[in-house]
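In: Quick one, structure for this:
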Amino acid sequence: MGMFSKGGTSRILFVGTHGKEDMTKATLPFMMAMWAYENEMKPSIWLTDEAVLLVKKGYADDLKASDYKPFMFYLNKIAEQKTKIYLCHLSMAPRGLTEDDCLGNVIKSGAQRVIDEAKVGSVVTF
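Out: Numbers count the residues shown, from 1 in each chain. Below you'll find the predicted structure:
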């Protein structure tokens, strides 16, 4: 048995700030959320800055970090797992991004989401 007991409800929020300029760091929140779910945790992701573009329809279709699977593998996997993805509304606006432009279980949000998650779980940033 792993570090967490089966059926656990430990919450964890992964914060992503990087986009296609650094696909290794951009992929990590999605990869870690996938693994957290597979280890009986309740993950979510909060994206800010350039990272909000990663969930724009068509944007990440061909993106891949050199040592990982294609980015869409991780995005599709966490969508199957119904992992929530929160997008910083202040980062969306200057990029012309709306929730309708996005893939997955996205929710427009503010920084309060990070504060709320920190009160009840763990927060990991990349």
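
In: Residue 99 is in contact with residue 85, isn't it?
Out: No. Using C-beta atoms under 8 Å, residue 99 is not in contact with residue 85, being 10.3 Å away. Backbone N, C-alpha and C define where each C-beta goes, glycine included.

In: more crowded one of the two?
Out: Using other C-beta atoms under 10 Å, the more surrounded residue of residue 99 and residue 85 is residue 85, with 27 against 12.

In: contacting residues around the stretch of helix or strand that one belongs to?
Out: Taking DSSP states H and E as the criterion, residue 85 maps to strand 84-88. With C-beta atoms under 8 Å, 6 or more residues apart in numbering as the test, strand 84-88 has contacts from 44-49, 52, 55, 78, 97, 99, 102, 104-111, 113.

In: How far does stretch 41-58 sit from its chain's centre?
Out: For stretch 41-58, the separation from the chain centroid amounts to 4 Å (computed by C-alpha atoms, centre = their mean, to the nearest Å).
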